[in-house]
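Asker: below are the sequence and a predicted model for it; my questions follow.
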Amino acid sequence: MKKFTFVSFMLAVLLLSGCGTTDNTNSKSDGYDVEKSHSKLDEYEVVNTESEVQDGDFIYRLVTEKSEYTTDESVNIYAELEYVGDQKEVMIYHAMSPFYFPMVEKVRNYEIEYAMAEPLVGTTLKKGEPLRHDYTRAGGYSTDKQDDYTKFMKSFVEDGFLEGYYILNGSAEFFTGDLEGDQGDRKDYNMEGKIDFKVFEASDGASQ
């Protein structure tokens, strides 16, 4: 399993709760010029709103419900893992969730990591019944810095997606096998998918 250096959404909020209130951060406050935003976004083309891969008896899906959003609406993303093997059900083992949602905002070239607690959790997958997880915003940043990246991440975590072009490099990471048996029985899976989408400033009248 991955080791993480970033705090989760809730931890970030708790760390910042004592720092006082601030005005909502808009796209200009992180060094991003709204006047030039559309020309920059036009340089990018959305390629995949859905991704599906199969590895053995498992199918991993990654989906964004729209190719374009505005900053005043929710960005709806979800992942699914489906067992399609010969058994009625199978047990998989993973961290708090088998799904990871790291992404990058390409206009600014900012990475948005996806943190997760790492207990060992077992989940039973029934054949033909996908396990689904909806994406929730998460990320980390240093409260001691006041650079553009920190302002971007603070606004992203607390308020939502800023205008930009986002590529999400998702994955499903888990293993199967008998925990108390021979280690040779264990099989590791790291199934990867990629989707992309754009977010426009709501006030600019972008099509939804």
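Answerer: Structure's in. What do you need? Residues are numbered from 1 along each chain as shown.
Asker: got a list of contacts for the helix or strand in which Val104 is found?
Answerer: Secondary structure assignment for Val104, by DSSP states H and E: strand 103-105. Applying Cβ atoms under 8 Å, 6 or more residues apart in numbering, the external contacts of strand 103-105 come out as Tyr110, Glu111, Ile112, Tyr114, Phe152, Leu162, Gly164, Tyr165, Tyr166, Ile167, Leu168, Asn169. Placement of C-beta: from N, CA and C, glycine included.
Asker: list buried residues within the residues you listed.
Answerer: Applying a neighbour-count criterion of 16 or more other Cβ atoms under 10 Å, the buried members of the contacts of strand 103-105 are Tyr110, Ile112, Tyr114, Phe152, Leu162, Gly164, Tyr165, Tyr166, Ile167, Leu168, Asn169.
Asker: name the nearest of the residues you listed relative to His94.
Answerer: Tyr114 (14.0 Å; Cβ to Cβ).
Asker: the closest one and Gly139: what is the separation?
Answerer: Relative to Gly139, Tyr114 is positioned 8 Å away (Cβ to Cβ, to the nearest Å).
Asker: return the member of the contacts of strand 103-105 nearest to Lys198.
Answerer: Closest to Lys198, out of all of those and judged by Cβ to Cβ, is Tyr165, at 5.2 Å.
Asker: what about the closest one, which helix or strand?
Answerer: Per DSSP H and E: strand 164-176 holds Tyr165.
Asker: and if you look at Leu81?
Answerer: Going by DSSP H and E, Leu81 is part of strand 77-83.
Asker: and the average pLDDT for that strand is what?
Answerer: Averaging pLDDT along strand 77-83 gives 98.
Asker: between strand 164-176 and it, find me the angle.
Answerer: Here the directions of strand 77-83 and strand 164-176 differ by 20 degrees (axes from the mean of the first three to the mean of the last three Cα atoms, to 10 degrees).
Asker: chain center to strand 77-83: distance?
Answerer: Distance of strand 77-83 from the chain centroid (Cα atoms, centre = their mean, to the nearest Å) equals 13 Å.
Asker: OK, contacts around Asn190?
Answerer: Contacts of Asn190 by Cβ under 8 Å, 6+ apart are Ser171, Ala172, Glu173.
Asker: distance to Thr64 and pLDDT for the buried ones among the contacts of strand 103-105 - can I get that in JSON lines?
Answerer: What follows is those, written out as JSON lines (distance: Cβ to Cβ, whole Å; pLDDT from 0 to 100):
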{"residue": "Tyr110", "distance to Thr64": "18", "pLDDT": "96"}
{"residue": "Ile112", "distance to Thr64": "14", "pLDDT": "96"}
{"residue": "Tyr114", "distance to Thr64": "15", "pLDDT": "93"}
{"residue": "Phe152", "distance to Thr64": "20", "pLDDT": "94"}
{"residue": "Leu162", "distance to Thr64": "16", "pLDDT": "96"}
{"residue": "Gly164", "distance to Thr64": "14", "pLDDT": "96"}
{"residue": "Tyr165", "distance to Thr64": "12", "pLDDT": "97"}
{"residue": "Tyr166", "distance to Thr64": "9", "pLDDT": "98"}
{"residue": "Ile167", "distance to Thr64": "11", "pLDDT": "98"}
{"residue": "Leu168", "distance to Thr64": "7", "pLDDT": "98"}
{"residue": "Asn169", "distance to Thr64": "13", "pLDDT": "97"}
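Asker: cheers, nothing more for now.
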